[in-house]
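A.B. asks: can you look at this prediction? I've put the sequence above it.
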Amino acid sequence: MFNTITSPKVSIIMPTYNRAAYIRETIASILDQTYQNWELIIVDDGSDDNTKEIVEEIDDNRIEFYKIERIGSPSKARDIGLEKANGELIAFMDSDDLWAQPKLEKQVIALQQYPGAGFSLTGGYNFKNPDEPLEYFYKQREGIRYENVFISCFKSEVAGFTQALMLRKECLAATDFFKKEKPLTEELILNLASHFKAIILYEPLFYRRLHDTNYSSLNWAKRHAEGLEMIRSFKSSLPPEVFVDSLFKSYINFGEQYLQRRESRKAIGQFFNAWKNKPFSIIPLKKMAKAILYAFKK
């Protein structure tokens, strides 16, 4: 375990909105970290439940709570938290997720062992019930990868969750992240990857809770559309085949999401967009046929 007098402080940024059902458990997973030199900055985006009261019941002077007028954007709430951060290292946490006890410690150690890295990501898994893993983010669950992962991000080889991210605060100045009016969390990781090497710790250290009120679940269509625009914004930095393949996969995934919601026409539109990017691929045609069959069954 680190000596907190000489070890770097980690600023943990946590946006929240109406998470009274989960935030106590989330904060407990931070309090239980083996690495204890941290500050937790919670930015409440206008909750109208008792989130504030629950946080205030926790007696720890490392926790700062800020309530703002409702803006409806976790990314903007993170920006507000970042402005208040005093740590040398930055980590992010959503108020319904969990960390394994050694998560912070292992990332701090990794960043000290690899001074050429600007940031670190960890493995993890989705869950609905604690200690019952669903999908793991990586097939590999141990080991370390240290290199430039920018292209890998567009090849679906990197799980881009901010809750798995730790970065050196000074690295933010080298990116254009804060110049954007509507930053995406994934775009922060891509901006970092375009400037710095990364460390990926494949060990599952972050646990992402799935439930009906996840921000990503409620705003899935908007996030897909923003993701497509994000890919296009990096076109000049990518090899043509990587750019096309990334768009192709995104359109296929977008169409599958519509199909799961029985919106066949919109699904067909996305599969058609995928076909336009790869007109010699039979995959979009098969999926369009499947969507048409669904439409006739209604």
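C.D. replies: Everything's here; your move.
A.B. asks: how about the helix or strand hosting L285, which residues are buried there?
C.D. replies: Per DSSP states H and E, L285 falls inside helix 283-297. Buried residues in helix 283-297, counted by 16 or more other C-beta atoms under 10 Å: P284, K287, M288, K290, A291. Just so you know, the C-beta spots here come from the backbone N, C-alpha and C atoms, and that holds for glycine as well.
A.B. asks: export these as CSV, with columns for pLDDT.
C.D. replies: CSV is the format used below for the buried residues of helix 283-297 (pLDDT from 0 to 100):
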residue, pLDDT
P284, 90
K287, 88
M288, 89
K290, 84
A291, 84
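A.B. asks: list the contacts of the longest helix anywhere in the chain.
C.D. replies: Ordering each helix of the chain by length in residues (DSSP state H) puts helix 240-260 first. Identification of contacts with helix 240-260 by C-beta atoms under 8 Å, 6 or more residues apart in numbering yields 151, 154-156, 220-221, 224, 227-228, 231-232, 234-235, 238, 264, 266-271, 273-274, 277-278, 281, 283-284, 287, 290-291, 294.
A.B. asks: stretch 107-114 now?
C.D. replies: So stretch 107-114 is contacted by 2, 7-8, 10, 35, 89, 91, 117, 120, 122, 144, 146, 166, 168, 197, 199, 201, 205 (C-beta under 8 Å, 6+ apart).
A.B. asks: tell me which residues touch I27, please.
C.D. replies: L40, V55, I58, I63.
A.B. asks: so V158 sits against S152, correct?
C.D. replies: Yes. Using C-beta atoms under 8 Å, V158 is in contact with S152, at 5.2 Å.
A.B. asks: can you pick out the residue with more neighbours from the two?
C.D. replies: Neighbours were counted for V158 and for S152 using other C-beta atoms under 10 Å; V158 has more, 23 against 16.
A.B. asks: just to revisit the earlier point, tell me which of the contacts of helix 240-260 fall in strands.
C.D. replies: Using DSSP state E, no member of these falls in strands.
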